[in-house]
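J.: this is the structure alone, sequence omitted:
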Ligand SMILES: Nc1ncnc2c1ncn2[C@@H]1O[C@H](COP(=O)(O)OP(=O)(O)OP(=O)(O)O)[C@@H](O)[C@H]1O
Ligand SMILES: [Mg+2]
């Protein structure tokens, strides 16, 4: 099995060296827990060893993500300039003109004629898959991050139908052959979602108050074909991004 290092200090050792290639992983957590940082570090590390990365934004504009993530010493602006790290904006409010500034940001036109209510503009799983598929094939993408699957609009109101759509979406994504990280908002840690079942690995990011101070941790919930523990491990944010520390 070929494993891809995430490049996150202290993390790869926990999963026998990295994420098994061409599979789909889920990184789930509450606001501000480090999901975006995790995804960007994974892509930035890949980019520095010649694996092209694509960051797909659904909830936040690439502009904001690039600007926030450039605060880390991960050479994000350089990797973008070298076209080793690409951004694809599939959010409801597309930023026209941004592509001129950063050539790698390509603005798709699927909803340019659709100026309806914001919630109606969230893309469907099919649109998201289609746009990503074009991009992956055109640029030979090897690492993919989607931020976040919580922002995909499912066409059915029915829960069971929505689950079917999600598993179809993930099956299609898997066929693209990228090592993929889906970011998702962690709502209720006690109810398991379709994407958690369908993913090859599930990682929770924790962010909670403990003895008057904010505690941050990472926890590997599942990792198929991999020996790992399920303990919470403290994390800290450094200039290089996330760093995994000792058990809690
Ligand atoms: N350069 C930095 N140095 C230290 N800590 C940082 C730095 N940049 C961000 N952080 C910390 O990281 C947190 C946000 O991380 P990140 O954006 O990865 O979380 P997220 O889970 O994606 O959040 P959201 O749910 O809002 O998308 C910030 O709230 C801040 O505490
Ligand atoms: Mg985020």
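T.: Happy to help now that I have it. In this text, all values refer to a predicted model and were calculated from it rather than measured experimentally. Ligands and ions are numbered 1, 2, ... in the order given.
J.: so who does residue 9 touch?
T.: Going by C-beta atoms under 8 Å, 6 or more residues apart in numbering, residue 9 touches 238, 240, 242, 243, 244. (Glycine included, C-beta is placed from N, CA and C.)
J.: hey, where'd the helices end up in this protein?
T.: For the chain, the helices defined by DSSP state H occupy 35-48, 62-69, 76-81, 98-101, 118-121, 125-139, 159-175, 194-198.
J.: what mean pLDDT would you report for the fifth one?
T.: In other words, helix 118-121. Helix 118-121 shows a mean pLDDT of 50.
J.: quick check: residue 194 touching residue 159?
T.: No. Residue 194 is not in contact with residue 159 according to C-beta atoms under 8 Å; the separation is 9.6 Å.
J.: which of the two has more neighbours?
T.: Counted by other C-beta atoms under 10 Å, residue 194 and residue 159 do not tie: residue 194 has more neighbours, with 17 against 10.
J.: from ligand 1, how far out is the more buried one?
T.: 21 Å (C-beta to the nearest ligand atom, to the nearest Å).
J.: and the pLDDT at that residue?
T.: pLDDT, read off for residue 194, is 86.
J.: could I get the contacting residues of it?
T.: Residue 194 makes contact with 162, 163, 166, 167 under the criterion C-beta under 8 Å, 6+ apart.
J.: tell me the pLDDT of the second one.
T.: It stands for residue 163. Value listed for residue 163 in the pLDDT field: 85.
J.: count of neighbours near it?
T.: Residue 163, neighbours per other C-beta under 10 Å, totals 17.
J.: give me the nearest residue to it, chain neighbours excluded.
T.: residue 194 (4.4 Å; C-beta to C-beta, 6 or more residues apart in numbering).
J.: ligand 1 contacts on this protein?
T.: Residues of the chain found near ligand 1 (C-beta under 6 Å from any ligand atom) are 29, 31, 32, 33, 34, 35, 36, 37, 71, 72, 237.
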